[in-house]
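> requesting a structural model of the entry that follows:
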Amino acid sequence: MSDREKNVAAFETVLAAVNAGDGEAARPHLDESVQYEAPWYSLHIKGSDDLVRMFGALGERFASIDYRIVAIHPALDPDLLVVEARGDHAVRNSDRRYQNEYVLFVYFSDGRIVRWVEYSNPEIYKAAVGS
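Now for the predicted structure:
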């Protein structure tokens, strides 16, 4: 299996853990000093402990979480994944759904995610969850 294929498999495992609301299951695929950035939300998380907590806390906001990969575009660097994804989450204690589209830049080193930069429409998020 190539490095790129291993990175894709690791990312798919992390996304499955997020969908299951199990941040701890993502931990083996995260570098201890991982950086997560969502610039359009002014969100920057540093370190695997905080990112694992964030992944686990999504269940406080959403009754169900469903991120799906639309496409993974190969970069020249096998340690960079450019991912298109869609989300469809049931907002907890509401009849609303949070449905957004994402572009992710996921950087790896030695088979672990070291940086995750995520772009999605914050107005769609605000309309769904109200904040």
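
> ok, the residue nearest the centre of the chain - contacts?
Most central residue of the chain, judged by C-alpha distance to the mean C-alpha position with CA atoms, centre = their mean, is L15 at 6.2 Å. Neighbour list for L15: Y67, I69, A85 [criterion: CB atoms under 8 Å, 6 or more residues apart in numbering]. Any C-beta I mention is one placed from the backbone N, CA and C, and that applies to glycine too.

> please list the outside residues in contact with stretch 63-76.
For stretch 63-76, contacts defined as CB under 8 Å, 6+ apart pick out 4, 8, 11-12, 15, 18-21, 58-59, 81-93, 101-102.

> tell me which residues of the lengthiest helix in the chain come out buried.
In the chain, with assignment by DSSP state H, the single longest helix is helix 3-19. Within helix 3-19, the residues that qualify as buried by neighbour count (16 or more other CB atoms under 10 Å) are R4, N7, V8, A10, F11, V14, L15, A17, V18, N19.

> mind listing what the closest residue to V103 other than its chain neighbours touches?
Taking CB to CB, 6 or more residues apart in numbering, and ignoring the residues beside it in sequence, V103 has Y119 as its nearest neighbour in space, at 4.7 Å. Contacts were defined as CB under 8 Å, 6+ apart; by that measure Y119 touches A38, P39, W40, Y102, V103, L104.

> now the residues you listed in JSON lines, with pLDDT, distance to G111 and neighbour count?
Output for those, formatted as JSON lines (pLDDT from 0 to 100; distance: CB to CB, whole Å; neighbours: other CB atoms under 10 Å):
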{"residue": "A38", "pLDDT": "96", "distance to G111": "24", "neighbour count": "18"}
{"residue": "P39", "pLDDT": "96", "distance to G111": "26", "neighbour count": "11"}
{"residue": "W40", "pLDDT": "94", "distance to G111": "29", "neighbour count": "13"}
{"residue": "Y102", "pLDDT": "98", "distance to G111": "23", "neighbour count": "17"}
{"residue": "V103", "pLDDT": "98", "distance to G111": "23", "neighbour count": "14"}
{"residue": "L104", "pLDDT": "98", "distance to G111": "18", "neighbour count": "20"}
